[in-house]
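**Student:** Kindly generate the corresponding structure for this input.
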Amino acid sequence: MQIEDAKKKEGKEVSIAAWIHRKRESGGIVFAVIRDQTGIIQVAVKKDKVDSKSWKAATDTTVESSVKVSGSVKKDERAPTGYELEVTKFQNVNIAEPYPITEYQSTELLLDKRHLWLRSIKMINVMRARAYVFRYAREFFDKRGFYEVTPPIITTAGGETGANMFSLNYFGEKAYLTESSQLYAEVMEFALGFIYSFVPSFRAENSRTPKHLAEYWHLEPEMPYYDNEDAMKLEEKLVSSIANKLAEKHADILRELKVDPQSLLKVKPPFERITYEKAIEILNEHGMKKKWGDDFGVEDEKALTEDKEKPIFVHSWPREIKPFYMPINEKDTRTVASADMLAPHGHGEIIGSGEREWRLDKLLERMHEVEQSRGVKFNMKNYEWWLDLRKYGSIPHTGFGMGMERLIKWLLNLDHIRDAIPFPRMSNRLYP
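**Tutor:** Here you go, the predicted structure:
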């Protein structure tokens, strides 16, 4: 039986398989706090209430030993969760060696021992929340008739330049780990209509900010006949839905992580929308000294969102800093039809979205413009299959990409994105 269920069996005999979280001895009693994936409960093993075999097992057990315990559940306000198990039988499944993680440890040690640190109460709750966030994201799209598709991770189409991608030797041919599934998602959109992919993406950026990972989970939908405004409306519904469900169904997890569920219940559409030009004005009022064409860094995003209770959109970005596949706005040709969603309190960008240039001639013009202005060279052979989409029944469409770990970082108010994923891959971290 799981601990969460056992707490509902007051006065009854239960059996629990768990791990030792803490242990202390006092006279003829061994007090231990045991844990499983659902929580913790204190157990009391009294020498005069158990057989000699159980008593020896209880005194021999160590932190992180796996155990099986049986006993009756009673309320006890002195216990950590208000319940205690009066043990009648105690068995060690595997006695752990001295545990290398103690109360105060460096970040580097916790990363080196990540395979063990994931057992901590904090990380268990983060990983539980992560699983629910993934579930609710899929539910959102499934209920709206989207098809989930599975694009390849290995590709020859290197985004804009391939400069921020991991390359590999694919049987003698140069290939990359994908930085986005967008190009392949567009193919499936023309076959299935509303679709989304939900797979890892990879970025070879030598960045050590609290919001960057080299490998992360990327949710990327594509929507036929949507424009930028349609996409923003869908995005705010998506993020609100996930935040609200997490607060409504898992307030216990949030409280364990010191997040007020009410703060996530406040996340409702519509979200504030400002132009990039307006964002520059706001940043300069904060003394940031930004000019047209500058991208936003961690401090810029913090200045724009530190006093917000829900995400905001920054839209209509300069054409010179956005990807080649975004169409130029007709009303302001300095900009493209794009929008970024920034999370509150400086947690940064969680969604990047934009319309897709669906006219072949305009797309080729944009690719040429990027080559000229940024000094890059597209290998057009690698894009022939994708350009074909614009030759055979092309349609207007829009899509976006949401970094799931960035979303989780904000929802759980984590200090660093590394704690939003089980085994973080960063520029300075590959082990374990």
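
**Student:** So L192 versus E148, what's the distance?
**Tutor:** Distance, L192 to E148, by C-beta to C-beta, to the nearest Å: 10 Å. In short, each C-beta sits where N, CA and C put it, glycine included.

**Student:** per-domain residue ranges of this structure.
**Tutor:** 3-94, 114-420 (automatic domain parsing).

**Student:** closest one to Q105 among those?
**Tutor:** Closest approach to Q105 among these (C-beta to C-beta): domain 114-420, 8.5 Å.

**Student:** So for the closest one, mean pLDDT?
**Tutor:** Domain 114-420 shows a mean pLDDT of 96.

**Student:** give me the beta-bridge partners of A17?
**Tutor:** Per DSSP bridges, the residues bridged to A17 are K68.

**Student:** What about it, how many residues nearby?
**Tutor:** Other residues near A17 number 15, with proximity taken as other C-beta atoms under 10 Å.

**Student:** I351 is in what secondary structure piece?
**Tutor:** Using DSSP states H and E, I351 sits within strand 348-356.

**Student:** now L183
**Tutor:** helix 182-192.

**Student:** same deal with L85?
**Tutor:** Applying DSSP H and E, one finds L85 within strand 83-94.

**Student:** what do you get for N413?
**Tutor:** Counting by DSSP H and E, N413 is part of no helix or strand.

**Student:** Can we start the residue count at 44 from this point?
**Tutor:** In the new count, where the first residue is 44, that last one comes out as N456.

**Student:** got CSV for the domains of the chain, with distance to Y147 too?
**Tutor:** Shown next, in CSV, are the domains of the chain (distance: least, C-beta to C-beta, whole Å):
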stretch, distance to Y147
domain 46-137, 15
domain 157-463, 13
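
**Student:** closest to E151 out of those?
**Tutor:** Per C-beta to C-beta, nearest to E151 of the domains of the chain: domain 157-463, 10.7 Å.

**Student:** buried ones in stretch 69-83?
**Tutor:** For stretch 69-83, the neighbour count (16 or more other C-beta atoms under 10 Å) marks 73-79, 81-83 as buried.

**Student:** For the stretch 294-443 of the chain, just list every one of the helices.
**Tutor:** 294-299, 304-308, 319-328, 341-348, 403-417, 427-430 (DSSP state H, counting those that start in this stretch).

**Student:** Among these, which comes closest to S223?
**Tutor:** Comparing these by C-beta to C-beta, helix 427-430 comes nearest, at 12.3 Å.

**Student:** Quick one: residues in contact with that closest one.
**Tutor:** Applying C-beta atoms under 8 Å, 6 or more residues apart in numbering, the external contacts of helix 427-430 come out as 200, 226, 229-230, 403, 406-407, 423.

**Student:** Over to stretch 267-275?
**Tutor:** Contacts for stretch 267-275 (C-beta under 8 Å, 6+ apart): 232, 236-237, 266, 277, 314, 316, 356, 358, 380-382, 384, 396-398, 438-443.

**Student:** Rounded mean pLDDT for the helix or strand containing H64, please.
**Tutor:** Here H64 sits within strand 56-69, counting by DSSP H and E. Averaging pLDDT along strand 56-69 gives 97.

**Student:** ok, now stretch 78-87?
**Tutor:** Per-residue scores along stretch 78-87 average to 97.

**Student:** Mind exporting the C-alpha coordinates of it to PDB?
**Tutor:** The C-alpha trace of stretch 78-87 is given here as PDB (Å, rounded to 0.1, in the frame of the first residue of the first chain):
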ATOM      1  CA  ARG A  78       8.900   7.700   2.100                       C
ATOM      2  CA  ASP A  79       7.500   6.600  -1.200                       C
ATOM      3  CA  GLN A  80       6.400   8.500  -4.200                       C
ATOM      4  CA  THR A  81       3.300   9.700  -2.500                       C
ATOM      5  CA  GLY A  82       4.700  11.200   0.700                       C
ATOM      6  CA  ILE A  83       6.200  10.400   4.100                       C
ATOM      7  CA  ILE A  84       4.900   8.900   7.400                       C
ATOM      8  CA  GLN A  85       6.600   8.300  10.700                       C
ATOM      9  CA  VAL A  86       6.900   4.700  12.000                       C
ATOM     10  CA  ALA A  87       7.500   3.700  15.600                       C
END
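
**Student:** now what about that stretch, what contacts it?
**Tutor:** 45-50, 59-62, 64, 72-77, 112, 114, 119, 122-124, 126-130, 133, 164, 167, 171.

**Student:** At which residues are the strands of the stretch 144-293 of the chain located?
**Tutor:** 190-192, 197-198, 210-213, 216-220, 238-245, 258-267 (DSSP state E, counting those that start in this stretch).

**Student:** Please tabulate these in a markdown table, including the columns mean neighbour count and distance to L281.
**Tutor:** Output for the strands of the stretch 144-293 of the chain, formatted as a markdown table (neighbours: other C-beta atoms under 10 Å; distance: least, C-beta to C-beta, whole Å):
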| stretch | mean neighbour count | distance to L281 |
| --- | --- | --- |
| strand 190-192 | 17 | 14 |
| strand 197-198 | 15 | 26 |
| strand 210-213 | 11 | 33 |
| strand 216-220 | 16 | 26 |
| strand 238-245 | 21 | 10 |
| strand 258-267 | 22 | 9 |
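
**Student:** Put together a markdown table for the ones you listed, with distance to R157 on each row.
**Tutor:** As requested, these are exported to a markdown table (distance: least, C-beta to C-beta, whole Å):
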| stretch | distance to R157 |
| --- | --- |
| strand 190-192 | 29 |
| strand 197-198 | 26 |
| strand 210-213 | 25 |
| strand 216-220 | 21 |
| strand 238-245 | 18 |
| strand 258-267 | 14 |
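
**Student:** Looking at these, spot the one closest to W160.
**Tutor:** Closest among those, using C-beta to C-beta: strand 258-267, at 18.4 Å.

**Student:** Name every strand pairing with that closest one and say which way it goes.
**Tutor:** By DSSP bridges, strand 258-267 pairs with strand 238-245 (antiparallel), strand 440-446 (antiparallel).

**Student:** Please produce TSV containing those, extended by distance to K333.
**Tutor:** Listed next are these as TSV, based on distance: least, C-beta to C-beta, whole Å:
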stretch	distance to K333
strand 238-245	28
strand 440-446	23
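
**Student:** how about those, which one is nearest I325?
**Tutor:** That would be strand 440-446 among the strands paired with strand 258-267, by C-beta to C-beta, at 23.2 Å.

**Student:** which residues are contacting the closest one?
**Tutor:** Under C-beta under 8 Å, 6+ apart, the answer for strand 440-446 is 180, 223, 225, 228-229, 232, 244, 259-271, 273-274, 278, 281, 380, 392-399, 401.
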